[in-house]
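Peer 1: Here is my input, please return the structure:
(one chain, ligands or ions: 1)
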Amino acid sequence: MSLRYHNKVTVVTGGSKGIGRGIVRVFVENGAKVVFCARGGAEGEALEVELNKAGPGSCKFVRCDISKEEDIKRLIDVTAQRHGHIDCLINNAGWHPPHKPTDATTAEEFRDLLNLNLVSYFSASKCALPYLRQRRGNIVNVSSLVGTIGQKDAAPYVATKGAIISMTKAMAVDESRYGVRVNCISPGNVLTPLWEELARQTPDAAEAIKTGENAQLMGRMGTEAECGLAALFLAAEATFCTGIDLLLSGGAELDYGFKCQIPS
Ligand code: HWK
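Peer 2: A predicted model of the protein is given here:
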């Protein structure tokens, strides 16, 4: 079988678990040379060893906190030094805080989440773009379905994800002159460590997971691998797509549901 991203140098933020891990795995399986980062050491190092054994591509784990601009700069510089160029940046690292109403949310919490989920994507893009322009490369931003349809008790998170979709379109416009494409994916429910963490904060985690599965027309959650394959499509094959938001939602946004919360 021919490799879909052979020898392409790709940076993935937040690559040690969840959707980022799915992206790193799929890219290495398709021949890419991946540099991925995370804050914690152990999971990233274990994934690096596992994927380098399997190939056919390769990966390197770099410890890096994407809320620090110096760390982002080091991640991009290490990649360029190691491989000589950069073809693709996948902005993925981010967080969904526990659900709470606006009345219980501070402006400082809002600002901190904007920095973590949104400004980090801006900084990594800014840092990588001089390299991406040399290669007519591309950026894939990981947003969320809720950036478009909203979500209960999560205004800051929803705002960061909506802004990622808008920033994707703005950068697609700006970078078109250099032949750099900028796209995003919007996953809905994907069973990741973060999803399970949020489920554990509900009274009945198993029930939350069942409800989560039934939120899709397809009756199941998405997988990390499916997110990886969608990102790979945008990076490797979607040569006439820029500024698009690819929904990966199993149809969760379709049809009417029972959503009224007005007390009777
Ligand atoms: C799905 C789990 C109860 C998102 C998202 C991002 C990260 C993790 C999970 C999600 C929605 C979320 C829950 C249990 C409520 C939940 O949508 O971007 O996951 O809402």
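
Peer 1: interface residues of the stretch 1-150 of the chain facing the ligand?
Peer 2: Contact residues (Cβ under 6 Å from any ligand atom) of the stretch 1-150 of the chain with the ligand: His96, Ser144, Val146. In this view, the C-beta of every residue, glycine as well, is placed from N, C-alpha and C.

Peer 1: Next up, the contacts around the nearest residue to the last one once chain neighbours are set aside.
Peer 2: Same thing as Val146. Spatial nearest neighbour of Val146, excluding adjacent residues (Cβ to Cβ, 6 or more residues apart in numbering): Val158 at 5.2 Å. Remark: with contacts taken as Cβ atoms under 8 Å, 6 or more residues apart in numbering, Val158 is in contact with Val146, Gly147, Gly150, Gln151.

Peer 1: Can you select the buried ones among the residues you listed for me in ChimeraX?
Peer 2: Per 16 or more other Cβ atoms under 10 Å, the buried members of those correspond to this ChimeraX selection:
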select :146,147
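
Peer 1: Mind putting the contacts of Val158 into TSV with secondary structure and pLDDT?
Peer 2: Converted to TSV, these look like this (DSSP: H, G, I helix; E, B strand; the rest coil; pLDDT from 0 to 100):
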residue	secondary structure	pLDDT
Val146	helix	98
Gly147	helix	98
Gly150	coil	98
Gln151	coil	97
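
Peer 1: Let's see the pLDDT reported for whichever residue of the stretch 151-264 of the chain sits closest to the ligand.
Peer 2: Going by Cβ to the nearest ligand atom, the ligand is nearest to Leu198 of the stretch 151-264 of the chain, at 3.5 Å. Looking at Leu198, its pLDDT is 96.

Peer 1: How many neighbouring residues does it have?
Peer 2: Applying other Cβ atoms under 10 Å, we find 17 residues neighbouring Leu198.

Peer 1: Same check on Ala170?
Peer 2: Neighbours of Ala170 (other Cβ under 10 Å): 12.

Peer 1: Ok, Lys259 next?
Peer 2: 6.

Peer 1: Confirm that it sits in a helix.
Peer 2: No - counting by DSSP: H, G, I helix; E, B strand; the rest coil, Lys259 is located in no helix; its state is coil.

Peer 1: Tell me, how many residues neighbour Arg200?
Peer 2: Using other Cβ under 10 Å, Arg200 has 9 other residues around it.

Peer 1: Let me see the contact set for it.
Peer 2: By Cβ under 8 Å, 6+ apart, the contact list for Arg200 is empty.
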